[in-house]
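Engineer: predicted model and sequence follow; I will ask about them next.
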Amino acid sequence: MRNNPGAKRRHTRTGTLMGWGVFRIDPWHFVGIFGSRRQADARAQEIGIGYVVRLAELQEGTDKFEWSVPEKGSGE
C-alpha cells in the first residue's frame with residue numbers, strides 16, 4: 001500500500017503526497033501515507049510492534065519517501 005484515500009494533500013511546490021506515514025525502520029517496511037494521525041496510529045497498532053507514525057511526504061510513482069524527525073522532548 002503506497003497511499004490511502006484520505007491522504008489528498010499535495011505540496012504546492014513539489015507535488016508530493018503529504019500526510020502521516022506509517023513504517024518500520026529495521027527491517028525496512030513502508031506501510032503507507034494516511035490523511036489523519038488517528039488513521040495512521042490505528043494502522044500502526046494493528047500491524048504490530050516497531051512501526052512508527054511520522055509526518056511524511058511521498059513522491060507518487062517512486063520510492064522517494066521522507067519523514068520528519070520528532071523534536072526533543074516530544075516523548076519519542
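Structural biologist: Right, received. Where do you want to start? Numbering: from 1, shown residues only.
Engineer: for the spatially most central residue of the chain, which three-state class applies?
Structural biologist: With distances taken as CA atoms, centre = their mean, the residue of the chain nearest its centroid is Gly21 (0.5 Å). What DSSP: H, G, I helix; E, B strand; the rest coil gives for Gly21 is strand.
Engineer: can you pull out the strands in the chain?
Structural biologist: Taking DSSP state E as the test, the strands found in the chain are 17-24, 29-34, 51-58, 65-67.
Engineer: mind giving me the packing neighbours of the last one?
Structural biologist: This means strand 65-67. strand 17-24, strand 51-58 (3 or more CB pairs under 8 Å, 6 or more residues apart in numbering; DSSP states H and E). For every residue, glycine as well, the C-beta is placed using N, CA and C.
Engineer: state the pLDDT value of Arg13.
Structural biologist: Predicted confidence (pLDDT) at Arg13: the value is 68.
Engineer: ignore what I typed, I meant Lys64.
Structural biologist: Confidence score, pLDDT, at Lys64: 79.
Engineer: export the helices and strands packed on strand 65-67 to JSON lines and tack on mean pLDDT and distance to Ala44?
Structural biologist: Formatted as JSON lines, those follow (pLDDT from 0 to 100; distance: least, CB to CB, whole Å):
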{"stretch": "strand 17-24", "mean pLDDT": "91", "distance to Ala44": "5"}
{"stretch": "strand 51-58", "mean pLDDT": "92", "distance to Ala44": "4"}
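Engineer: picking up where we left off before, bridging residues for the residue nearest to the centre of the chain?
Structural biologist: Ile33, Arg54 (DSSP bridges).
Engineer: span of stretch 24-32 from start to end?
Structural biologist: 11 Å (CA to CA, to the nearest Å).
Engineer: sorry, back to before: which stretch among the helices and strands packed on strand 65-67 comes nearest Gly32?
Structural biologist: Counting by CB to CB, Gly32 lies closest to strand 17-24 out of the helices and strands packed on strand 65-67; the figure is 6.0 Å.
Engineer: I'm done for today, thanks for sticking with me.
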